[in-house]
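*Asks:* let me see the structure of the following:
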Amino acid sequence: MVGTMKNNTIQSMADIPGSIEDARENRNSFRSELVMRLFRLEMTTLTSGVLNSWFSPAVRGLVLKPLRDQLCRENGGYQANAGRSENGLRLDPQGNGYCRGCLKNGDCGYGRVFEPDLRIIDPRLIHFSAEQGLRGITFAGKFSSVDTHERVSPLIDKQHSSQVHVPSGSELLLRMLSLGEASQPLIPRIVQALDTGGKTSGLWGQPPVFFSVNPKAACTETWSLPIDSLPTAFCGGILPSVQIVLQSLLSLKRSDRSQSVASPRRFTNQTSAVPTFREIFSNSLRTVRRAVNEFADPTFLSELQLGQFINSAQQVELIDHDLRFFEQQRASRRTDGHNQTGWLGTVTFRNVPLAYLPWLTWAGKLGIGDSRNCGAGLFHLVID
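*Replies:* Residues are numbered from 1 along each chain as shown. Below you'll find the predicted structure:
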């Protein structure tokens with residue numbers, strides 16, 4: 001594929017220079033492409049207050065419980081945490097399930113989209129020991145704008161303050177990315193649940209910020225990822241430099257050998273090393289592969305080895321970066337003991353093989369790393 005680039009910014013597969021050949025057999029029994037839809041949602045504040053700069057986790061928390069309870073009632077599920085049976089399924093005395101482990105998980109719109117349990121949906125989709133599937137709808141606000149050409153929100157200052165004052169009458173934009181057919185019918189219901197929650201509970205803040213929602217969610221873009229465009233073997237071509245421009249928080253988990261297995265998960269902190277190309281690529285590969293497996297072709301890459309990609313990624317060198325550490329208090333009633341942390345800014349690498357670009361381009365649209373379901377890990381590429 002040969003394409004032109006506007007301002008050296010990759011916006012689609014057509015912008016990637018060169019050609020990529022893929023000799024994989026055509027699988028007529030599965031979808032040949034992964035379709036993603038980007039929705040824009042407008043929220044107008046009814047009161048003033050102080051919000052977390054990255055407010056999409058609060059939006060997600062505000063929407064999901066009432067939506068879950070509503071859909072659970074409609075599908076005859078159980079709406080309370082009734083404990084676990086011996087086989088790990090969460091059941092009530094009548095045998096109804098509840099989200100993770102629910103026997104109706106693959107058919108319930110909420111379960112399939114927001115709490116997908118691959119043990120129930122299709123065990124063939126379990127990769128990297130992950131029994132939970134990718135969320136079919138993700139939310140992003142503030143850091144990641146609706147316009148994919150735009151960078152970090154101007155509301156965030158150079159020090160990336162963890163909180164921002166929001167006057168009454170302000171417009172908050174929310175980006176919703178939808179994957180799979182089961183996600184589509186939920187869009188109007190999400191809009192309604194968000195509007196109701198905005199007027200009754202408000203967003204977590206000091207004090208809570210109440211808001212109303214434009215009743216129409218506009219689909220701003222539809223992206224189609226042809227599966228055969230993802231290279232599984234190295235192709236010719238090296239790019240002198242590739243800059244990764246973060247549009248939202250990037251938080252990559254790293255193993256800590258000094259800690260026991262039972263220790264809490266380790267997240268990005270102020271003393272963490274800058275993410276390597278290998279870390280960014282391996283997380284990108286994982287997200288894109290799972291998205292294709294779960295929403296298009298469950299056999300994708302099932303028999304292919306990508307060790308060369310991972311090994312060669314270790315040779316890609318860092319040129320420069322302006323990454324800044326960000327941390328904010330969790331907008332959650334949970335008490336698992338960590339704040340939301342990560343990097344914002346840009347990082348640039350030299351001599352990047354062309355074969356990596358399709359994976360990175362699509363991963364930047366899907367999001368990678370921790371809190372992807374709240375819009376974290378979004379980025380775009382600028383090449384030299």
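
*Asks:* with Asp117 as the reference, measure out to Glu131.
*Replies:* Going from Glu131 to Asp117 by C-beta to C-beta, to the nearest Å gives 7 Å. C-beta here means a position set from N, CA and C on the backbone, and glycine is covered the same way.

*Asks:* typo on my end, Asp320
*Replies:* Asp320 sits 43 Å away from Asp117 when distances are taken as C-beta to C-beta.

*Asks:* and the two? Which one has more around it.
*Replies:* Asp117 (20 against 12; other C-beta atoms under 10 Å).

*Asks:* ok, what's across the strand from that one?
*Replies:* Asp117 has these beta-bridge partners by DSSP bridges: Gln132.

*Asks:* correct me if wrong: it contacts Ile126.
*Replies:* No: between Asp117 and Ile126 there is no contact under C-beta atoms under 8 Å: 10.1 Å.

*Asks:* ok, the helix or strand of the chain with the lowest mean pLDDT: who's next to it in the sheet?
*Replies:* Ranking every helix and strand in the chain by mean pLDDT, DSSP states H and E puts strand 205-206 at the bottom, with a mean of 78. Partners of strand 205-206 in the sheet, by DSSP bridges, are strand 49-52 (antiparallel).

*Asks:* tell me the mean pLDDT for the helix or strand that the strand it pairs with is followed by?
*Replies:* Where DSSP states H and E defines the elements, the next helix or strand beyond strand 49-52 is helix 56-74. The predicted model assigns helix 56-74 a mean pLDDT of 87.

*Asks:* contacts for the helix or strand just after helix 56-74, please.
*Replies:* Following helix 56-74 in sequence order, the next helix or strand is helix 109-114 (DSSP H and E). Outside helix 109-114, the residues that touch it by C-beta atoms under 8 Å, 6 or more residues apart in numbering are 64, 67-68, 71-72, 99, 102, 104-106, 117, 121, 135-137, 180, 182-183, 185-186.

*Asks:* any idea how many residues pack against Thr271?
*Replies:* 6.

*Asks:* ramachandran coordinates for it?
*Replies:* Dihedral angles of Thr271 (phi, psi; degrees, to the nearest 10) stand at phi -100, psi 0.

*Asks:* what of Ser201?
*Replies:* Per degrees, to the nearest 10, the backbone of Ser201 is at phi -110, psi -40.

*Asks:* show me where the chain has its helices.
*Replies:* Shown for the chain, the helices assigned by DSSP state H span residues 56-74, 109-114, 118-121, 186-200, 277-295, 307-313, 357-366.

*Asks:* for Gly345, find the nearest of the ones you listed.
*Replies:* helix 277-295 (13.3 Å; C-beta to C-beta).

*Asks:* using CSV, list the CA coordinates for the closest one.
*Replies:* The C-alpha trace of helix 277-295 is given here as CSV (Å, rounded to 0.1, in the frame of the first residue of the first chain):
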residue,chain,number,x,y,z
PHE,A,277,9.9,0.2,22.1
ARG,A,278,9.6,-3.5,22.9
GLU,A,279,7.1,-2.7,25.8
ILE,A,280,5.0,-0.5,23.6
PHE,A,281,5.0,-2.9,20.7
SER,A,282,4.3,-6.0,22.8
ASN,A,283,1.3,-4.3,24.4
SER,A,284,0.1,-3.1,21.0
LEU,A,285,0.4,-6.6,19.5
ARG,A,286,-1.6,-8.0,22.4
THR,A,287,-4.4,-5.5,22.1
VAL,A,288,-4.8,-5.7,18.4
ARG,A,289,-4.5,-9.5,18.3
ARG,A,290,-7.2,-9.9,20.9
ALA,A,291,-9.5,-7.4,19.2
VAL,A,292,-9.3,-9.3,15.9
ASN,A,293,-9.7,-12.7,17.7
GLU,A,294,-12.7,-11.7,19.7
PHE,A,295,-14.6,-9.5,17.2
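
*Asks:* packing partners of it?
*Replies:* Packed against helix 277-295 by the contact rule (3 or more C-beta pairs under 8 Å, 6 or more residues apart in numbering; DSSP states H and E) you find strand 33-45, helix 307-313, strand 346-353, helix 357-366.

*Asks:* so which of these comes closest to Gly197?
*Replies:* That would be, of these and by C-beta to C-beta, strand 33-45, which comes in at 10.8 Å.

*Asks:* give me the distance from the closest one to the chain's centre.
*Replies:* Centre-to-centre, strand 33-45 and its host chain are 13 Å apart (C-alpha atoms, centre = their mean, to the nearest Å).

*Asks:* picking up where we left off before, would you mind listing which of the contacts of helix 109-114 are buried?
*Replies:* Buried members of the contacts of helix 109-114, scored by 16 or more other C-beta atoms under 10 Å, are 64, 67-68, 71-72, 99, 102, 104-106, 117, 121, 135-137, 180, 182-183, 186.

*Asks:* ok, back up a step: which one of the helices and strands packed on helix 277-295 is the most hemmed in?
*Replies:* Sort these by mean neighbour count, taking mean count of other C-beta atoms under 10 Å, and helix 357-366 sits at the top with a mean of 23.

*Asks:* residue ranges with poor pLDDT in the stretch 101-250 of the chain?
*Replies:* 128, 142-161 (pLDDT under 70).

*Asks:* can you show me the strands along it?
*Replies:* Per DSSP state E, counting those that start in this stretch, the stretch 101-250 of the chain carries strands over the ranges 137-141, 163-166, 171-179, 205-206, 211-213, 218-226, 238-246.

*Asks:* show me the contacts for the residue nearest to Leu134 when sequence neighbours are not counted.
*Replies:* Spatial nearest neighbour of Leu134, chain neighbours left out: Arg290 (5.3 Å); criterion: C-beta to C-beta, 6 or more residues apart in numbering. With contacts defined as C-beta under 8 Å, 6+ apart, Arg290 is in contact with 125, 127-128, 130, 133-134.
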